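[1] predicted coordinates and the sequence they were generated for:
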Amino acid sequence: RGPARREMAAAAAAFERRVLRSAAEHHYLRVRLELPDGGARPNAAQFKQLLVTALRELHGEVGAALPVDVLTYEEKTLSAILRVISSGLVKLWSALTLLGFYQNRRCAFRVLQTSPFLLALSGNSRELVLD
């Protein structure tokens, strides 16, 4: 009984926790803007300005200076793929989540997918149609 207990104690002492952080420089987000009451849809420039406004409202001028790129934008579906530096992911996500109005109309951003790899956003297994 004694030697077994010592072995378990030695094994527990040898256990080392390792947390690996993503070394990716950027993160990518697939987002959709929801405008429940219809009306005018933002074009690409207005969509980008809405992102900057959301960042400014929550994080001030420093947040508004966060480099966010709109890689694709579909005005028909109000969907976009965004690229942000990894250190700014939480700032962008929180700003989008808390934005509630676009041109005095209710709106909401939905973050559909996020990944440090752009290729991961090319398909969504939840929308996969099997024959």
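    Received it, and whenever you're ready, just let me know what you need.
[2] neighbouring contacts of the lengthiest helix in the chain?
    If you go by DSSP state H, the chain has its longest helix at helix 44-64. Residues outside helix 44-64 that contact it (CB atoms under 8 Å, 6 or more residues apart in numbering) are 33, 42, 66, 68, 70, 73, 75, 78, 80, 82, 91-92, 94-96, 98-99, 102, 109. Glycine gets a C-beta too; all of them are placed from N, C-alpha and C.
[3] of those, buried ones?
    Listed as buried from those are 33, 42, 66, 68, 73, 78, 80, 82, 91-92, 95-96, 99, 102, 109; burial here means 16 or more other CB atoms under 10 Å.
[4] if we can go back for a sec, now, the contacts of helix 44-64 that are in strands?
    Using DSSP state E, 33, 68, 70, 73, 80, 82, 102, 109 are the members of the contacts of helix 44-64 that sit in strands.
[5] ok, now which ones touch the second one?
    Taking CB under 8 Å, 6+ apart, we find residue 68 in contact with 48, 51-52, 55, 82-84, 88, 92.
[6] what's the spacing between it and residue 86?
    Noted for residue 68: a distance of 12 Å to residue 86, by CB to CB, to the nearest Å.
[7] which parts of stretch 45-52 are buried?
    In stretch 45-52, counting by 16+ other CB under 10 Å, buried: 47-48, 50-51.
[8] follow-up on the earlier one: which of the contacts of residue 68 lies closest to residue 120?
    The closest of these to residue 120 turns out to be residue 83 (CB to CB; 12.9 Å).
[9] show the pLDDT at the closest one.
    In this prediction, residue 83 carries a pLDDT score of 97.
[10] run a quick neighbour tally on the nearest residue to it once chain neighbours are set aside.
    The spatially closest residue to residue 83, leaving aside those adjacent along the chain, is residue 69, at 4.3 Å (CB to CB, 6 or more residues apart in numbering). Per other CB atoms under 10 Å, the neighbour tally for residue 69 reads 13.
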